[in-house]
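> Here is my input, please return the structure:
(one chain, ligands or ions: 1)
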Amino acid sequence: MHTYRLAFIGFGNVGQGLAQILLERSEQLKIQFGVQFQVVAISDFVKGSLYDPEGLDLEELLKAVQKTGHLKAVTAPHMGWDAIQTITESNADLIAEMSYTDLNTGEPAVTHIRQALNLKKHVVTINKGPIALAFPELNRLAADNGVSLGIEGTVMSGTPTLRLGQDVLVSAGITCIQGLLNGTTNYILTQMEAGASYAEALSDAQANGYAEADPTGDVEGYDAAGKVVILANLLMGASLTMNDVDRTGMSHLTPEDIQAASSAGEHWKLVGSITHENGSMKAQVRPQRLPKTHPLANIGGAINAVTYTTELLGDVTLIGPGAGRLETGYALLSDMLAIHKS
Ligand code: HSE
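Numbers count the residues shown, from 1 in each chain. Reported below is the predicted structural model:
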């Protein structure tokens, strides 16, 4: 049995989803994979921070945060440590980086990840900022330190989009990627087709935990653009930055626009794409009216999808959850298990 000592940086929806998965599946993980993940630290700059080198009680933590919204009622040998102190001074050998996403600077997550890798601690993250902005540097740092950086959950939550692309389809020659890469906007567009207002649908998406802390990132296409950058750089050999993505959001679409498309047998979708045009790569996020026969047209709700066009296999489409607490928590578990297996 191998035991990893895990520190959570951030204890929002995703951290709580991962905690719930670990709590419910610890026996199965021991039996099936011979591994256990002991959570020794949680550092959340709003909810509070706790560190016990012998392990924290996940059930107690989840109950506290769900009842009060914070961790103040729980005690531990060390309290109040910030993210860097937690990464540096705790005995954790695996860091789950789940602090808020900033697609302009990648911070504070870039600093957290650098610090952990320099200390030879594995990192798993669902944070798109550092991966869209600094993946080559961070990946090299991981390799130089003999540890792993797991990033599956940065695109389409636990749906194995990057793993399918990197481990399998890259060798088939990926020439084009098109996807519905943002759950919040797909959910809003689907609800608006059913008659909900934009505000109602957005507030539902926030209540369901799909939306970013600032949903502007979702509705104006920045979140999808970050995922386009990650896909292009990891799977198509590009070196794109956020500014290279030609981005238009969907917040300007009116109920009349939505109904006009429905009447014409079409659906509005926020499509992220990477294509080749005249020998150069073109990366885009924009709302498109797709005919009902298009493979991405009928995918509704918070579900995401990606179509990889390859030289040897033609089109391969993967459909699955793109957001959500357990779905994204599972992405981290899948990376943790990949680290264990390697
Ligand atoms: N806000 C994102 C979405 C979460 O709605 O898809 C997952 O990146």
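> where does I177 land in three-state SS?
Per DSSP: H, G, I helix; E, B strand; the rest coil, the local secondary structure of I177 is strand.
> That one touches L234, doesn't it?
No. Using Cβ atoms under 8 Å, I177 is not in contact with L234; the gap is 10.4 Å. To be clear about C-beta, it is placed using only N, CA and C from the backbone, and glycine gets the same treatment.
> Give me the next element, helix or strand, following the lengthiest helix in the chain.
In the chain, taking DSSP state H as the definition, the longest helix is helix 13-33. Next along the chain after helix 13-33, taking DSSP states H and E as the criterion, comes strand 35-44.
> Spell out which parts of the protein neighbour the ligand.
N182, G183, T184, Y210, A211, E212, D218, D223, G322, A323 (Cβ under 6 Å from any ligand atom).
> burial count for the first one?
Around N182 there are 33 other residues, counting by other Cβ atoms under 10 Å.
> And the second one, by the same measure?
Neighbours of G183 under the rule other Cβ under 10 Å: 27.
> show me what contacts the most centrally placed residue in the chain?
Closest to where the C-alpha atoms of the chain average out (Cα atoms, centre = their mean) is T154, at 3.1 Å. By Cβ atoms under 8 Å, 6 or more residues apart in numbering, the residues touching T154 are T125, I126, N127, K128, I131, A132, L162, G226, K227, I230.
> Around the nearest residue to the third one once chain neighbours are set aside, how many other residues sit close by?
Just to be clear, that refers to N127. Once flanking residues are discounted, N127 sits nearest to A109: 4.5 Å by Cβ to Cβ, 6 or more residues apart in numbering. Neighbours of A109 under the rule other Cβ under 10 Å: 29.
> A109 contacts I95, correct?
No. Under the criterion of Cβ under 8 Å, A109 is not in contact with I95, lying 10.6 Å apart.
> I figured I21 hits E327, correct?
No. Using Cβ under 8 Å, I21 is not in contact with E327, being 10.3 Å away.
> Of these two, which one has the most company?
E327 (23 against 20).
> would you say that one is within a strand?
No. Applying three-state DSSP, one finds E327 to be helix, outside a strand.
> Need the pLDDT of it.
Here the pLDDT value assigned to E327 is 94.
> Kindly report the same for Y187.
95.
> pretty sure it is touching Q206, no?
No. Counting by Cβ under 8 Å, Q206 is not a contact partner of Y187; they are 10.3 Å apart.
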